[in-house]
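J.: Got a predicted structure plus its sequence, pasted below:
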Amino acid sequence: MFKPSSALLCALLTLSLAAQAPTGKAQVLPLGPTIPDDPAFQKVIDPLAAEIKASFDLPLVQAPQGLLRGRRGEENLLGYWVADVMRTAAQGIVGKPVRFAITNAGGLRSNLRPGLLKVADIFEMMPFENELVVVELTGAEVIQVVKEGIVRRGGEPCSGVKARVDGSPEQPVIVLTWEDGSAIDPAETVRVATTDYLYGGGDSIPTLRKGRKPFTTGITLRQMLLDQCAALAKAKQELLPPALGRYTLPVPILEAIRDKKLKL
Amino acid sequence: MERRSFLASLGSAALASQVPLRAQEGPAAASGRITLLHTNDTHSRIEPFGPGNGAISGLGGVSRRATLVRQLRQQLGPVLLLDAGDTFQGTPYFNRYKGRLDYQLMRMMGYDAGTLGNHDFDNGVGMLVEAMEAMEQLQHANAPFAFLNCNFDCKGAPALQKRIRPYLVKDFPGVRVGLTGIGVAFAGLVAPKNHEGISWRDPYESLKPIVKRLREVEKVDLVVVLSHLGYNLNGTGPDDLHLPGQVAGIDAVIGGHSHTFLETPTRVPQALGETLVFQVGFGGVNLGRMDFAVARGQVRAASGAAMPVLA
């Protein structure tokens, strides 16, 4: 059991303080306008930074427009790209059509700025070890997943559907179709690509947890994105943002989402 | 930037002038002072922020923070160096070194205690424990720092449980400081497999008996909470701003999670006086500082400011 008054513990925990220089009389040494690096720390960090740089500075692909998450109310083109890559990769892995993919905007930690992308950019944007999971949902459940994402954040990045919210914040009407404009049959069972994080209950899209026949691919989202960049570069193509238009939400609806007043 | 330069050059002088510069010596000293230096949400920012990061471009960096901490320790009396969690995740350093480097550098810098944030569970409990072990095994003159939390039930994760303490008491001339920590709910933030064996309990209810024990049994002069709840959740969940009103007797809340940039601590009234609630952004851009002067078990003066870690 922990004993905070233990002499040994106190001695151990105050070692660094005991070693500090005596303060002497009241005296304040001004800090400079800049702070130099601590040599002892740089000695540790420099070789590790070089190691990081060697692998993470490797060039990947040109992204002349970059891929941006968009500010509040704007569409998340970076997220759309990630969801597209997830859906395509999932189809390749299960060998069958995957109608829908969804990830979470909160998991995309930075924009991909215009220019030559490096390995480090993908790591910084997708630092998590989240893995691709394929599950089965009904069309009705897909609709509910999209609704939950809209209510929570104005729509989580997805691939395969188009959503529009009409009406007023008090009486919203959601129009949801597959990406080609065809109707979603509520009773139809479809395959859905998502992450183990969302499937496990992360980020509050509860209907995703209902996913049946989960297939855990063991492939991280980051690796899929790195592979996609490498494939584009090999084909001498650029990484370009997907088209707008997956979520159409008028301003009053966006304001109601912001104020947590929208119910779908 | 001008303001930052001003704070960096004059901050310590201005703050230090508000409280006695030296604690009274000797075991019977009835008064003293303590400075809390603190970080939150450092997110594996080993190097300073590069260009293209707006107002925080060029700021931060562990090596510079180490210099600043060393300089302040040379100037000041008793100092505690503390962290409010989310040390992990955010740069390739975490992907490569899995948090071991972050914790080892914190030990080298002389951190006294930290708490756990949601991202510290990103690679699961096993990897978190491995990072803690790597820090403990580092050959260094500084002792390993403590991990504090009182609202995680870790019975199902014994390797973590034995490394987490509900509270810690540190004695300085004329000041006895009690420290504890609280974490944010896992739901929606940490995948269930990554906090296997650990359950979350209400932070307010978990804190009440700890603060009571620190005050009444341990007889501390100052109670400090390392919190990873977030600054202000507008009533949607427990947070730092509402904590003092729910749990009386806390003098300082060192916060994290919401990445809130405060220039000075927010003074929150509570049943037994007031609580200084502070948080200094994220990524090691700032080092927080709070100074407390204590006499006969009462806080007589308290102040604080964020100190930018400048290039």
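T.: Arrived safely.
J.: Would you state the strands of chain A in chain order?
T.: Secondary structure of chain A, counting by DSSP state E: strands at A:59-63, A:100-102, A:115-118, A:131-138, A:158-159, A:161-167, A:172-178, A:189-195, A:212-220, A:247-248.
J.: Please compute how far the second one lies from its chain's middle.
T.: How far strand A:100-102 lies from its chain's middle: 14 Å, per C-alpha atoms, centre = their mean, to the nearest Å.
J.: least trustworthy helix or strand in chain B by mean pLDDT?
T.: Every helix and strand in chain B was compared by mean pLDDT, DSSP states H and E; the lowest is helix B:2-16, with a mean of 35.
J.: can you give me the helices in the stretch 151-264 of chain A?
T.: Using DSSP state H, counting those that start in this stretch, the helices of the stretch 151-264 of chain A run over A:196-199, A:221-234, A:251-258.
J.: which one of these lies closest to B:Gly85?
T.: helix A:196-199 (19.3 Å; C-beta to C-beta). (Glycine included, C-beta is placed from N, CA and C.)
J.: related to what we said a few turns ago, among the strands of chain A, which gets the worst mean confidence?
T.: With a mean of 84, strand A:212-220 has the lowest mean pLDDT of these.
J.: Contacts for it, please.
T.: Strand A:212-220 is contacted from outside by A:89-90, A:93-94, A:129-137, A:196, A:199, using C-beta atoms under 8 Å, 6 or more residues apart in numbering or on different chains.
J.: quick revisit: pick the most buried one from the helices of the stretch 151-264 of chain A.
T.: Greatest average neighbour count among the helices of the stretch 151-264 of chain A goes to helix A:196-199 (a mean of 24), per mean count of other C-beta atoms under 10 Å in any protein chain shown.
J.: hmm, that helix touching chain B?
T.: Yes: judged by C-beta under 8 Å from any C-beta of the partner chain, helix A:196-199 and chain B are in contact via A:196-197.
J.: From the contact counts, what lies against that helix?
T.: Contact here means 3 or more C-beta pairs under 8 Å, 6 or more residues apart in numbering or on different chains; DSSP states H and E; on that basis helix A:196-199 packs against strand A:131-138.
J.: Convert the strand it packs on to PDB, retaining C-alpha atoms only.
T.: In PDB, the C-alpha atoms belonging to strand A:131-138 read as follows (Å, rounded to 0.1, in the frame of the first residue of the first chain):
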ATOM      1  CA  GLU A 131      -7.600  -0.700 -38.300                       C
ATOM      2  CA  LEU A 132     -10.100  -1.200 -41.100                       C
ATOM      3  CA  VAL A 133     -13.100  -3.300 -40.200                       C
ATOM      4  CA  VAL A 134     -15.800  -4.500 -42.500                       C
ATOM      5  CA  VAL A 135     -19.300  -5.100 -41.100                       C
ATOM      6  CA  GLU A 136     -22.800  -5.800 -42.400                       C
ATOM      7  CA  LEU A 137     -25.600  -3.300 -41.700                       C
ATOM      8  CA  THR A 138     -29.100  -2.900 -43.100                       C
END
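J.: Now do the buried residues in that strand.
T.: A:131-135, A:137-138 (16 or more other C-beta atoms under 10 Å in any protein chain shown).
J.: And for that strand, what's in contact with it?
T.: In contact with strand A:131-138 (C-beta under 8 Å, 6+ apart) are residues A:86, A:89-90, A:93-94, A:98, A:100, A:145, A:186-196, A:199, A:207-208, A:210-221, A:224.
J.: Show me which residues of the stretch 201-311 of chain B are close to chain A?
T.: So far as C-beta under 8 Å from any C-beta goes, the stretch 201-311 of chain B lies against chain A at B:218, B:309-311.
J.: okay, those residues in JSON lines with neighbour count and pLDDT next?
T.: Listed next are those as JSON lines, based on neighbours: other C-beta atoms under 10 Å in any protein chain shown; pLDDT from 0 to 100:
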{"residue": "B:Glu218", "neighbour count": "17", "pLDDT": "97"}
{"residue": "B:Val309", "neighbour count": "30", "pLDDT": "96"}
{"residue": "B:Leu310", "neighbour count": "24", "pLDDT": "91"}
{"residue": "B:Ala311", "neighbour count": "16", "pLDDT": "76"}
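J.: quick one: which of the residues you listed is nearest to A:Arg153?
T.: Scanning these for proximity to A:Arg153, where the rule is C-beta to C-beta, the winner is B:Val309, at 32.0 Å.
J.: got a list of what A:Ile45 touches?
T.: B:46-47, B:62-63, B:105.
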